[in-house]
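In: With the input below, show me the fold.
(chains A and B)
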There are 2 protein chains.
Amino acid sequence: MTRFRVAVHIVPRRGILDPQGKAVADALHALGFAAVGDVRVGRHLVLEVESDDADHAATRVRAMCDQLLANPVTEDYELAGVTPA
Amino acid sequence: MTRFRVAVHIVPRRGILDPQGKAVADALHALGFAAVGDVRVGRHLVLEVESDDADHAATRVRAMCDQLLANPVTEDYELAGVTPA
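Out: Residues are numbered from 1 along each chain as shown, chains lettered A, B, ... in the order given. Model (predicted):
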């Protein structure tokens, strides 16, 4: 068994309003960052998972996303990296 | 001017308690994911920035993190990618 570190991005689905991103964009404009357009705010999770190999660790984390971590109605997730911890 | 998409990870600093990550780990254990150890929960931001080149876009986003997006006492940030939008 090896310990892997799996990074996951969970972001609001395209086309769904992201009020938190809108608030961040407005605050950046107020601070003078006029070059900023759209901002999307999601979650970045890093999970340590014991597994025999990286593929299996990724499969388990996808199951966690499907069952708990991501809202399938409003969010998309992607695995951003699986590295030995 | 080109429009760049800049991804940023903002995560609780190592050694700082992450109650949200602890709650996620406990919930995953309750669902039967016994192989999960430590979980850290941070934010994943994607900003669209108008800039002459990718380096300048990255510099501007670092300034945004320093001034607004990240809490310098409790959080670390890293730019995860700068790509033409």
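In: From here on, just use CA atoms for contacts and neighbour counts.
Out: Fine.
In: For stretch A:26-45, what is the spacing between the initial and final residues?
Out: 26 Å (C-alpha to C-alpha, to the nearest Å).
In: can you list contacts of that stretch?
Out: With C-alpha atoms under 8 Å, 6 or more residues apart in numbering or on different chains as the test, stretch A:26-45 has contacts from A:7-12, A:18, A:20-22, A:24-25, B:9-11, B:39-51, B:64, B:68.
In: and the residue lying farthest from the centre of chain A, which of the three is it?
Out: Of all residues in chain A, A:Gly32 has its C-alpha farthest from the mean position, at 27.7 Å, by C-alpha atoms, centre = their mean. Put simply, A:Gly32 is coil when judged by DSSP: H, G, I helix; E, B strand; the rest coil.
In: Quick check, pLDDT for it.
Out: A:Gly32 carries a pLDDT score of 97 in this model.
In: Please flag which of the contacts of stretch A:26-45 sit within helices.
Out: Counting by DSSP state H, the contacts of stretch A:26-45 place A:20-22, A:24-25, B:64 in helices.
In: Would you list the buried entries among these?
Out: In the ones in helices among the contacts of stretch A:26-45, burial by neighbour count holds for A:21-22, A:24-25, B:64, counting by 16 or more other C-alpha atoms under 10 Å in any protein chain shown.
In: can those residues go into JSON lines with extra columns for distance to B:Ala58 and pLDDT?
Out: Formatted as JSON lines, these follow (distance: C-alpha to C-alpha, whole Å; pLDDT from 0 to 100):
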{"residue": "A:Gly21", "distance to B:Ala58": "18", "pLDDT": "96"}
{"residue": "A:Lys22", "distance to B:Ala58": "20", "pLDDT": "97"}
{"residue": "A:Val24", "distance to B:Ala58": "17", "pLDDT": "98"}
{"residue": "A:Ala25", "distance to B:Ala58": "16", "pLDDT": "98"}
{"residue": "B:Met64", "distance to B:Ala58": "10", "pLDDT": "97"}
